[in-house]
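**Student:** after the sequence you'll find the predicted model.
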Amino acid sequence: MKIILLRHAETTSNKAKMADSQADVGLTKKGQKEATLLIPKLSNLKIDISVVSPLKRTLQTLQPFLNTVNNPKIITSKLTLERNLGDFTRTPKGTFQKYCDDNNYDKVFHKPQNGESIADTYKRAEEFLAYLKTNFTNKTILVCGHKNFLMCLEIAIRKLNLKDYYKFNPLKNVELRNFKL
């Protein structure tokens, strides 16, 4: 199995440097152009199945490519949703991390009010990876998702220590990473 991770294109919240979390924001004009520029990169990958979250920015990122494919296979999975920042959604980026630092909370395991921790997101990523392994052996799967979820999925794929989450480099908008299992 080959898993290709793709972070969605630039959103209005990315541009404003806000934590969009599970807010259903769309792409900027730049993000729309980035999505179009993905067509040649994705066309060379021989993708069997694409997986997106229910948030429109992931499908908007893939749509220009999908428009070039006959009968594309697309799955929408709630497991791939971005981390829910709860009360910290739509706050300036870094607000939750600063809150944790100021209160001496573990940023990986502390759960924001009405949200989920990175550890909770990691559990979803493990469940999603198990789903892929069970259902799509010998396939090439493109997962177009979100920064925190994709980082957790990469940690699960690479069997790294979740405690080191903040030491890893997350995917940038429209960045691709390939893994063979």
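**Tutor:** Thanks, I have it. Numbers count the residues shown, from 1 in each chain.

**Student:** Leu162 touches Asp106, doesn't it?
**Tutor:** No: contact criterion CB atoms under 8 Å: Leu162 and Asp106 do not qualify, at 11.0 Å. Just so you know, the C-beta spots here come from the backbone N, C-alpha and C atoms, and that holds for glycine as well.

**Student:** neighbour-wise, which of those two wins?
**Tutor:** Leu162 (19 against 11; other CB atoms under 10 Å).

**Student:** so who does the more buried one touch?
**Tutor:** Each residue near Leu162 by CB atoms under 8 Å, 6 or more residues apart in numbering is listed here: Val108, Ile118, Ala119, Tyr122, Cys152, Ile155.

**Student:** now do the helices in the chain.
**Tutor:** When secondary structure is read from DSSP state H, the chain shows helices at 12-15, 29-43, 56-66, 95-103, 118-135, 147-158.

**Student:** among those, which comes closest to Phe179?
**Tutor:** Of all these, helix 147-158 sits nearest to Phe179, with 5.0 Å by CB to CB.

**Student:** packing partners of the closest one?
**Tutor:** Secondary-structure packing of helix 147-158 (3 or more CB pairs under 8 Å, 6 or more residues apart in numbering; DSSP states H and E): strand 2-7, helix 118-135, strand 140-145, strand 176-180.

**Student:** how near is the nearest residue to Asp120 once chain neighbours are set aside to Asn173?
**Tutor:** Once flanking residues are discounted, Asp120 sits nearest to Lys111: 6.7 Å by CB to CB, 6 or more residues apart in numbering. In this view, Lys111 and Asn173 are 26 Å apart by CB to CB, to the nearest Å.

**Student:** these two: who's more crowded?
**Tutor:** Set Lys111 next to Asn173 and count neighbours by other CB under 10 Å: Asn173 wins out with 20 against 14.

**Student:** excluding its backbone neighbours, what's nearest the more buried one?
**Tutor:** Glu10 (5.0 Å).

**Student:** contacting residues around that neighbour?
**Tutor:** Leu27, Thr28, Lys30, Gly31, Glu34, Asn173, Val174.

**Student:** got JSON lines for the residues you listed, with pLDDT too?
**Tutor:** JSON lines is the format used below for the contacts of Glu10 (pLDDT from 0 to 100):
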{"residue": "Leu27", "pLDDT": "96"}
{"residue": "Thr28", "pLDDT": "96"}
{"residue": "Lys30", "pLDDT": "97"}
{"residue": "Gly31", "pLDDT": "97"}
{"residue": "Glu34", "pLDDT": "98"}
{"residue": "Asn173", "pLDDT": "96"}
{"residue": "Val174", "pLDDT": "97"}
